[in-house]
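Peer 1: Sharing a sequence plus its predicted fold:
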Amino acid sequence: CGVFGIFGHPEAANMAYLGLHALQHRGQESAGIVSSDGERLFGHRAMGRVQSGFSPTDLATLPGDRAIGHVRYSTAGGSHLKNAQPLGVDYARGSLAVAHNGNLTNHEALRDRLEARGSIYQTASDTESIVHLIAMSKKEELRDRIAEALTQVEGAYSLLFLTERELIAVRDPRAIRPLCLGEMASGSGVTHVVASESTAFDLIGARKVRDVAPGEMLIISADGVRSEFPFAQEPRKLCIFEHVYFARPDSTIQGVSVYEVRKAFGRRLAAEQPVEPGDDLVVIPVPDSGVPAAIGFADRARAPFEMGLIRSHYVGRTFIEPQQSIRHFGVRLKLNPNRAVIEGKRVVVIDDSIVRGTTSRKIVKMIRDAGAREVHVRISSPPTRWPCYYGIDTPTRSELIASSHSVDEISSYLTADSVGYLSLEGLVESVRSLEARAGDASGARPSAESYCHACFSGSYPIPFTPAAPNRQLR
Ligand code: 5GP
Ligand code: SF4
Ligand code: MG
């Protein structure tokens with residue numbers, strides 16, 4: 001999912017709309033904005049993309065100089081409008097809206113406990129547990145109620161809260177999902193913005209100030225921005241998959257350009273998994289996600305980079321479609337081989353990851369049918385073997401081809417001449433060294449331990465607490 005917040009702008013809802021537009025790649029199931037004029041909250045939520053869900057008339061129903069927004073794809077809770085965010089509630093202390101990117105690992109256990117105490121859930125999303133915990137807190141100030149609630153949840157969260165008075169942004173102590181702070185000049189003062197990714201700032205003419213720190217809470221009000229650290233410190237575990245695939249390449253995370261990281265993956269991949277050089281060698285990406293890595297690979301391999309697959313821009317990213325049937329059909333709609341580049345060549349095709357392998361298999365076949373003499377698949381991350389419990393919608397273990405197949409078996413399944421993956425060490429080291437060079441504003445030095453890579457390594461930084469056995473799955 002993606003979150004966006006803005007405080008102190010005369011066109012807050014319009015800005016949120018644009019911000020969400022820039023974050024659309026983080027979720028296309030539903031979109032929502034809640035605004036406030038300082039006295040009341042106003043909300044609009046819709047299924048599908050931002051552009052189709054918000055008309056100028058809808059935006060006109062969202063007055064005020066502050067707003068938060070959300071784009072969703074479901075990791076917990078089905079794809080229904082009632083699960084769309086921001087979630088809004090009225091409770092004894094007033095109105096509150098919340099937008100969440102991440103996934104709570106103890107959600108089922110929390111929900112069992114809260115329902116036993118009498119909480120009535122309106123949605124199937126894990127975010128609602130946070131709202132119940134806030135409502136139950138005996139503390140006076142909202143920031144204390146939020147802090148108390150969040151000490152009871154485990155998992156990944158980048159959260160935005162909006163009330164009539166303030167906008168509160170929180171990043172979990174392990175900083176698994178990204179979140180950053182920006183600002184822009186507006187009339188007499190400064191407008192503060194928060195977003196999952198910095199690319200959202202570019203579109204609205206804001207400047208990235210910094211990443212929100214692990215475990216940091218930013219309280220944004222008419223008095224400005226206040227920073228607090230209400231939680232016990234944990235080792236940072238930034239999601240490395242944001243760099244591999246999820247984030248947009250024009251974003252920066254912890255001071256590092258996602259584009260540059262992906263190029264570094266490609267260079268390292270070329271060194272680790274070379275293909276025999278020659279005049280007939282050509283490096284092509286699977287667009288769009290494979291492009292920066294292919295540039296890095298071609299650079300290191302001293303082979304030409306070409307667009308050997310042309311992408312139609314009139315179909316969305318296939319993986320966000322919840323139905324398996326659509327995914328399969330999507331490949332041909334989305335990619336067409338460019339014969340002029342491929343025919344008679346030995347082709348190295350670069351992609352960021354192989355999930356089920358079904359897309360990759362069709363791509364290899366398409367490239368061969370277009371006249372390639374050899375097809376070598378190179379992947380700019382290690383084999384994806386484990387599901388994510390922290391907010392990325394990977395399929396179950398049994399559907400991940402690499403969880404049950406060796407690289408050689410994957411190569412035969414794909415009908416490739418060879419398959420090579422980036423090593424885990426190569427992945428982590430590429431990000432770590434760029435991050436160390438960029439230098440975090442806080443002076444924190446990343447180590448090899450500063451990243452979550454559980455979907456590749458199986459080394460989960462937070463245990464996942466499953467539902468009580470008698471609980472019906474939703
Ligand atoms: P496959 O060959 O496994 O069917 O598809 C691989 C493609 O899925 C790659 O191009 C990759 O960009 C894309 N992909 C990357 N991350 C994810 C993810 O988290 N889930 C799914 N389903 N696909 C992803
Ligand atoms: Fe990111 Fe993978 Fe960790 Fe999930 S398991 S947070 S996708 S690195
Ligand atoms: Mg892709």
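Peer 2: On my side now, so go ahead. Residues are numbered from 1 along each chain as shown. Ligands and ions are numbered 1, 2, ... in the order given.

Peer 1: from memory residue 156 sits against residue 173, does it?
Peer 2: No - using C-beta atoms under 8 Å, residue 156 makes no contact with residue 173, being 10.3 Å away. Heads up, the C-betas are built off the backbone N, CA and C, glycines and all.

Peer 1: who's more crowded, the two?
Peer 2: A count of neighbours by other C-beta atoms under 10 Å puts residue 156 above the other of residue 156 and residue 173, at 27 against 22.

Peer 1: Quick check, pLDDT for the more buried one.
Peer 2: Looking at residue 156, its pLDDT stands at 97.

Peer 1: would it count as being in a strand?
Peer 2: Yes - assessed with DSSP: H, G, I helix; E, B strand; the rest coil, residue 156 lies in a strand.

Peer 1: list the contacts for it?
Peer 2: Under the criterion of C-beta atoms under 8 Å, 6 or more residues apart in numbering, the contact partners of residue 156 comprise 102-105, 172, 174, 176-177, 239, 390-391, 462.

Peer 1: returning to what we had before: which neighbours do residue 156 and residue 173 share?
Peer 2: Overlap between the neighbourhoods of residue 156 and residue 173 is empty, taking contacts as C-beta under 8 Å, 6+ apart.

Peer 1: got the residues of this protein near ligand 2?
Peer 2: Applying the criterion C-beta under 6 Å from any ligand atom, the portion of the chain that neighbours ligand 2 consists of 176, 239-241, 388, 390, 392, 452-455.

Peer 1: and which of those residues is nearest to ligand 1?
Peer 2: Looking at these and their distance to ligand 1, the nearest is residue 392, at 5.4 Å (C-beta to the nearest ligand atom).

Peer 1: what's the distance between the spatially closest residue to residue 235 that is not a sequence neighbour and residue 313?
Peer 2: Once flanking residues are discounted, residue 235 sits nearest to residue 449: 6.3 Å by C-beta to C-beta, 6 or more residues apart in numbering. Look at residue 449 and residue 313: by C-beta to C-beta, to the nearest Å, they are 39 Å apart.

Peer 1: sorry, back to before: go through the residues of the chain next to ligand 2 and flag which are in helices.
Peer 2: 241, 454-455 (DSSP state H).

Peer 1: want to try a markdown table for those residues, with pLDDT and neighbour count as columns?
Peer 2: Conversion of these to a markdown table gives the following (pLDDT from 0 to 100; neighbours: other C-beta atoms under 10 Å):
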| residue | pLDDT | neighbour count |
| --- | --- | --- |
| 241 | 98 | 25 |
| 454 | 97 | 22 |
| 455 | 97 | 26 |
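
Peer 1: List of residues touching the helix or strand containing residue 431?
Peer 2: When secondary structure is defined by DSSP states H and E, residue 431 falls within helix 424-438. Surrounding helix 424-438, the residues in contact under the criterion C-beta under 8 Å, 6+ apart are 240, 243-244, 254-256, 260-261, 264-265, 268-269, 272, 381-382, 445-448, 450-451, 453, 456-457.

Peer 1: right, and the helix or strand after the strand of greatest length in the chain?
Peer 2: Of all segments of type strand in the chain, defined using DSSP state E, the longest is strand 94-104. Next in sequence after strand 94-104, counting helices and strands by DSSP H and E, comes helix 107-116.

Peer 1: What is the helix or strand that that following helix is followed by packed up against?
Peer 2: Tracing the chain C-terminally past helix 107-116 and defining elements by DSSP H and E, one meets helix 127-136 next. Helix 127-136 is packed against strand 87-91, strand 94-104, helix 107-116, helix 142-150, with contacts defined by 3 or more C-beta pairs under 8 Å, 6 or more residues apart in numbering; DSSP states H and E.

Peer 1: Return the distance of helix 127-136 from the chain's centre.
Peer 2: Here the centre of mass of C-alpha atoms in helix 127-136, compared against the chain's by C-alpha atoms, centre = their mean, to the nearest Å, lies 23 Å away.

Peer 1: again, but for stretch 332-352
Peer 2: Between the mean C-alpha point of stretch 332-352 and the mean C-alpha point of its chain there is a distance of 27 Å (C-alpha atoms, centre = their mean).

Peer 1: Could I get the average pLDDT for stretch 345-360?
Peer 2: 96.

Peer 1: Could you report the neighbour count for the closest residue to residue 32 other than its chain neighbours?
Peer 2: The shortest distance from residue 32 to any residue that is not its chain neighbour, by C-beta to C-beta, 6+ apart, is 3.5 Å, and that residue is residue 45. Here the number of neighbours of residue 45 (other C-beta under 10 Å) works out to 23.

Peer 1: tell me which element residue 45 falls in.
Peer 2: Following DSSP H and E, one finds residue 45 within strand 41-47.

Peer 1: got a list of contacts for that strand?
Peer 2: Counting contacts by C-beta under 8 Å, 6+ apart, the residues outside strand 41-47 that touch it are 29-36, 52-54, 58-59, 61-64, 79, 81, 84-86, 88, 95-97, 162-164.

Peer 1: Sheet-wise, list the partners of that strand with their directions.
Peer 2: Strands adjacent to strand 41-47 in the sheet, as given by DSSP bridges, are strand 30-36 (antiparallel).

Peer 1: State the next helix or strand along the chain beyond whichever strand or helix holds residue 181.
Peer 2: Element membership for residue 181 (DSSP H and E) is strand 180-186. Where DSSP H and E defines the elements, the next helix or strand beyond strand 180-186 is strand 189-195.
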